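> Pasting the sequence and the predicted coordinates here, then a few questions.
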Amino acid sequence: MADLTRPDLFGYFTVKDSLASAKAKAGCRRQLISFANREGYELKGIFTDLHSTGRARLDALVVKARRDEVKTVAVLEGTDIPQVYAEQFVEAGIVVLTVPPSPP
């Protein structure tokens with residue numbers, strides 16, 4: 001059952017190439033999960049794109065956030081959000097939060 005006291009959040013990050021290790025991707029997911037827990041959000045999903053091949057998952061994130069009325073998206077520091085998507089987030093009233101790297 002969803003926790004109605006915690007606002008919903010989607011996470012997003014990119015990986016440089018398809019050879020990115022499962023361990024590296026898992027680390028990125030852990031960062032987003034940790035951020036959501038620490039900041040009091042209900043993480044509803046994590047979207048990942050290959051940096052060099054497009055933004056299909058970012059497209060899906062925008063559509064899902066609008067449909068599900070999720071108003072906050074967390075992105076890992078260093079993740080590039082193209083201007084066209086930044087504008088779509090603003091138009092939809094979606095706040096984008098930057099998640100700093102976890103301490104070693």
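Noted; the coordinates are in hand. Numbering: from 1, shown residues only.

> got a list of what Arg6 touches?
Contact analysis of Arg6 by CB atoms under 8 Å, 6 or more residues apart in numbering lists Gly40, Tyr41, Glu42. Yep, even glycine has a C-beta here, placed from its N, CA and C like the rest.

> For Asp80, which non-adjacent residue is spatially closest?
Counting by CB to CB, 6 or more residues apart in numbering, Thr14 is the residue found nearest to Asp80 once chain neighbours are left out, at 6.9 Å.

> State the number of residues packed around that neighbour.
22 (other CB atoms under 10 Å).

> For it, name its beta-bridge partners.
Asp49 (DSSP bridges).

> Using the three-state scheme, assign Pro35.
Actually, residue 35 is Phe. It isn't Pro. helix (DSSP: H, G, I helix; E, B strand; the rest coil).

> which ones are touching the closest residue to it other than its chain neighbours?
When the adjacent residues along the chain are set aside, Phe35 lies closest to Val99, with 4.6 Å between them (CB to CB, 6+ apart). Neighbouring residues of Val99 by CB under 8 Å, 6+ apart: Gly11, Gln31, Leu32, Phe35, Ala74, Val75, Leu76, Glu77.
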